[in-house]
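Predicted structure and sequence below. I'll ask about it afterward.
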Amino acid sequence: MKASANNNKFYQLRCVKCGAVWDEKETSTTCLKCGGPLDVLYDWKFIGARLNLYNLRSAPISATKYLNFYPILDLSKLISLNEGGTPLKKSKRIAKKLGIKNIYFKDETTNPTGVFKDRGTMVEITKALEIGAKAIVVASTGNMAASVSAYAAQAGLPAYIVIPEGTPLGKLTQTLAYGARMIQVRAPYSICAKLAEEIARKYGFYLAGDYAFRAEGQKSQGYEIVEQLNWNAPDYLIGPVGVGTNLAAIYKGMKEYYNLGLIDKLPKVIAVQPRGSNAVVEAFKKGKKDITPLTKLNTIASAVAVNNPFDGVKVLKAIYETKGMALEISDEEILEAEKELAGEESIFVEPSSALPLAALKKMVNERRIKENDVVVCSLTGHGLKDPLTMLRILPSPPSIEPKLSEVDRYLKMKLYKIQATAEKDKTEVLFAKMPNPKQTNKTVKEKFGVDLTKKYLEAIQEEVENFFKKEDKMRKSDLQHIIEAILKTDPGAKKIIRVEDFKVTTSKSGKAEAEVCVRINEKHICKAKTLGVGPVDAIMKAAREVIKSEKLPNYWLIDFDVKIDRKGTDASVEVTMNLKDEFENKVIATAISPDIIVASIEAFERGYNILCNKRK
């Protein structure tokens, strides 16, 4: 392009698809001719004349170090939160396991809002101030929402965030804390993005998002990686792909350094997507240069759940230019990689950030990567962005009383070894019919790696038998939840109450009526009948009547949580109850059953007995 320094412009916006050129006052998001994504092209002769190579090579890395490479006209408007300068961590443990000497993780979790988006947001919000924007609007699956909200707050601009319903709570909390005005939409990201465009047009808001100016900030990762590798490009660049802007931007940064003669090669670009959100992978398999939108999405990696990746064409171009590839990864492999990154390298990332490691492992297994190749994996977001997903494969820790004898029990039985139920085999059927104690004991040891005492094994067997009264098979996750619940109790402790049976009648518009039969101190039986707002409430009120009549210790329910870890109305239910007494003794008890009412009553019974024994 011709330099336009006379009007203070040293760049232009050009459509990636049709090549049409636009002024940023006309559009900086999509091509007005074909709707394609835009790219920023620079007058490198003009930039080169101003470039201080000594400063570029010697100054500490940070996103603001590269201001000469951004399309910013008025640096006095710059909004920065000290983004960039993130570490490139050389793997030790994973590299040794895989037999690859030079594996690096570009850890973008250390950015101000915990995600790579901050680099691009710095440029976007600065551009918004340049044009005199009165408000920002952006569509997001969560990470961009938090980033844009933070920078908009610094700029003093209101931010309107359009998000798909069901976005992880951690990201929503962060976004709301920055003061954003959130609009939750019952639609996928692509529809949210279109709605954000309509909002921008109607109300005159600045439209932020995965567009040309954002990519310019995010390309600084490419600069930093090169510098952190002593001014060399890696052999492989592996990154997760949602919309596609980030991976394409990192490659663009490296390509600009290559065109300036600062490096002598470019890496092979490896794009990674979840199997349930794989539009770029499907295009690559067919050798296409454009994207066919997906009709549905199904992945735990919400940050990259995009049915029509806007910058997918840029990613495909990078792949073809570098003879790279696109890989799809299952949700099970994502969770295992996420756990491995934390356990082996002490890096906690969200599910989408684990995609590069899962892909690397697959490529090593297929012998696509050699021992001395230099590999960089882009880790895009912090694990605290979506912490609940990881709980699918992490065990619930056992509970003990504050006594050394309890610690001794914990160590002798090796309770710290309880293995998490991996997502890939949590639905494995362990028992197609009720097992005998010997079968249960053998399975507990083989599948979960713990050496339990006779009392614990007996308690587990009792729960297994109760489970089979409602269900005709037991999966691995069911048995794990039973083990975890029993490990929070003392099987040898006295049972103050035991709900022998109950009957409930209820209707859509009327209150539930419950009759319970409770055994007291393992001796006599008491009965009570009460009404409640629902079955569980009615049963617990009836149990309270028995407790009151028998002058047993009173209790208060302070929390109640229900979890279902698989699909279907026949899924097992895990109920957790938090109880306390008048002395502020508090206990947490858990139970599992195919029946939510049974799980609730067993959790209550277990928690109340622990509470009473604690008083003694």
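Thanks, I have it. These figures come from a predicted structure and were not determined experimentally. Numbering: from 1, shown residues only.

switch to C-alpha atoms for all contacts and neighbour counts from now on
OK.

for the stretch 351-500 of the chain, what spans make up the helices?
With DSSP state H, counting those that start in this stretch as the definition, the stretch 351-500 of the chain shows helices at residue ranges 355-365, 387-390, 404-412, 437-448, 454-468, 476-486.

for the stretch 501-616 of the chain, that is, sorry about that
The residue ranges that make up the helices of the stretch 501-616 of the chain, judged by DSSP H, counting those that start in this stretch, are 535-549, 596-615.

and of these, who's closest to Pro387?
Go through those one by one with CA to CA and the one that ends up closest to Pro387 is helix 596-615, at 24.7 Å.

Next, the buried residues of that closest one.
Across helix 596-615, burial judged by 16 or more other CA atoms under 10 Å covers 596-612.

Repeat that for stretch 388-399.
Neighbour counts using 16+ other CA under 10 Å place Thr389, Met390, Arg392, Ile393, Leu394, Pro395, Ser396, Pro398, Ser399 of stretch 388-399 among the buried residues.

same thing with stretch 227-242?
By neighbour count with 16+ other CA under 10 Å, stretch 227-242 contains the buried residues 227-228, 231-242.

Strands - which of the residues you listed land there?
The members of those that map onto strands under DSSP state E are Tyr236, Leu237, Ile238, Gly239, Pro240.

got these as a markdown table, with distance to Glu124 columns?
Shown next, in a markdown table, are those (distance: CA to CA, whole Å):
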| residue | distance to Glu124 |
| --- | --- |
| Tyr236 | 29 |
| Leu237 | 25 |
| Ile238 | 25 |
| Gly239 | 22 |
| Pro240 | 22 |
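
Am I right that Gly84 is in contact with Thr109?
No - checked against CA atoms under 8 Å, the pair Gly84 and Thr109 is beyond contact range at 10.1 Å.

now, among the buried residues of stretch 227-242, which is nearest to Leu457?
The shortest distance between Leu457 and any of those, using CA to CA, involves Pro240 and amounts to 44.0 Å.

quick revisit: so which of the helices of the stretch 501-616 of the chain is nearest Gln12?
Taking CA to CA as the criterion, Gln12 comes closest to helix 596-615 out of the helices of the stretch 501-616 of the chain, the separation being 61.0 Å.

Could you name the helices and strands sitting against the closest one?
If you count contacts as 3 or more CA pairs under 8 Å, 6 or more residues apart in numbering; DSSP states H and E, helix 596-615 packs onto strand 497-505, helix 535-549, strand 573-580, strand 586-593.

run the last query once more with 7 Å
strand 497-505, strand 573-580, strand 586-593 (3 or more CA pairs under 7 Å, 6 or more residues apart in numbering; DSSP states H and E).

before we move on, the earlier item: can you tell me which of the helices of the stretch 501-616 of the chain is nearest to Asn307?
If we rank the helices of the stretch 501-616 of the chain by CA to CA, the stretch that ends up nearest is helix 596-615, at 35.2 Å.

Any stretches of the protein with poor pLDDT?
With pLDDT under 70 as the threshold, the chain has low-confidence stretches at 1-8, 170, 419-424, 616.

Determine how far stretch 320-332 lies from the middle of the whole chain.
Relative to the centre of its chain, stretch 320-332 is centred 20 Å away, using CA atoms, centre = their mean, to the nearest Å.

Mind listing what's buried along it?
For stretch 320-332, the neighbour count (16+ other CA under 10 Å) marks Thr322, Gly324, Met325, Ala326, Leu327, Glu328, Ile329, Ser330, Asp331, Glu332 as buried.

going on from whichever strand or helix holds Ala150, what's the next piece of helix or strand?
Assignment of secondary structure by DSSP states H and E places Ala150 within helix 143-155. Under the assignment DSSP H and E, the closest C-terminal helix or strand after helix 143-155 is strand 159-164.

okay, now Met540: neighbour count?
With neighbours defined by other CA atoms under 10 Å, the count for Met540 comes to 21.

Against the centre of this protein, work out the most remote residue.
Among residues of the chain, the one most distant from the C-alpha centroid is His524; the distance is 50.6 Å, by CA atoms, centre = their mean.

picking that back up, out of the ones in strands among the buried residues of stretch 227-242, who's nearest Glu197?
Looking at these and their distance to Glu197, the nearest is Pro240, at 25.0 Å (CA to CA).

Quickly find the element holding the residue nearest to that closest one when sequence neighbours are not counted.
By the measure of CA to CA, 6 or more residues apart in numbering, the closest residue to Pro240 outside its immediate chain neighbours is Val272, 4.7 Å from it. Using DSSP H and E, Val272 maps to strand 268-274.

next one: Gln184
strand 181-185.

what's the farthest-apart pair in the buried residues of stretch 227-242?
Largest separation among those by CA to CA: Trp231 and Gly242, giving 28.5 Å.

how much space is there between the nearest residue to Thr453 once chain neighbours are set aside and Tyr456?
The spatially closest residue to Thr453, leaving aside those adjacent along the chain, is Met413, at 7.3 Å (CA to CA, 6+ apart). Between Met413 and Tyr456 the distance, using CA to CA, to the nearest Å, works out to 10 Å.

try Leu262
Here the criterion is CA to CA. By it, Leu262 lies 65 Å from Tyr456.

Roughly how far does the residue lying closest to Ala493 once chain neighbours are set aside sit from Ile400?
Spatial nearest neighbour of Ala493, chain neighbours left out: Asn613 (7.2 Å); criterion: CA to CA, 6+ apart. The span separating Asn613 from Ile400 equals 13 Å under the rule CA to CA.

cool, Val185 as well?
Remark: distance between Val185 and Ile400 (CA to CA) = 44 Å.

How is the chain partitioned into domains?
Structural domains of the chain, as assigned by automatic domain parsing, span the residue ranges 88-110+215-390, 393-496+552-616.

quick one, which of those is nearest to Glu545?
Among the domains of the chain, the nearest to Glu545 by CA to CA is domain 393-496+552-616 (10.2 Å).

circling back to that earlier point, now, of the helices of the stretch 351-500 of the chain, which is deepest in the fold?
When neighbours are counted by mean count of other CA atoms under 10 Å, the highest per-stretch mean among the helices of the stretch 351-500 of the chain falls to helix 476-486, a mean of 23.

which helices and strands sit right next to that one?
In this structure, helix 476-486 makes packing contacts with helix 454-468, strand 586-593, judged by 3+ CA pairs under 7 Å, 6+ apart.

Select, out of these, the one closest to Thr506.
Each of the helices and strands packed on helix 476-486 has some distance to Thr506 by CA to CA; the shortest is strand 586-593, at 20.6 Å.

Alpha carbons of that closest one, as PDB, please.
Output for strand 586-593, consisting of C-alpha atoms alone and laid out as PDB, is shown next (Å, rounded to 0.1, in the frame of the first residue of the first chain):
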ATOM      1  CA  LYS A 586     -21.600 -27.000  61.500                       C
ATOM      2  CA  VAL A 587     -21.400 -30.200  59.300                       C
ATOM      3  CA  ILE A 588     -21.700 -30.900  55.600                       C
ATOM      4  CA  ALA A 589     -23.200 -34.300  54.500                       C
ATOM      5  CA  THR A 590     -23.700 -35.800  51.000                       C
ATOM      6  CA  ALA A 591     -25.700 -38.600  49.700                       C
ATOM      7  CA  ILE A 592     -26.400 -40.100  46.200                       C
ATOM      8  CA  SER A 593     -29.400 -41.900  44.800                       C
END
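
tell me what that strand is packed against?
With contacts defined as 3+ CA pairs under 7 Å, 6+ apart, strand 586-593 has these neighbours: helix 476-486, strand 573-580, helix 596-615.

Name the residues that touch the last one?
The list of residues contacting helix 596-615 from outside it, by CA atoms under 7 Å, 6 or more residues apart in numbering, reads 495-498, 536, 553, 573-577, 579, 587-593.
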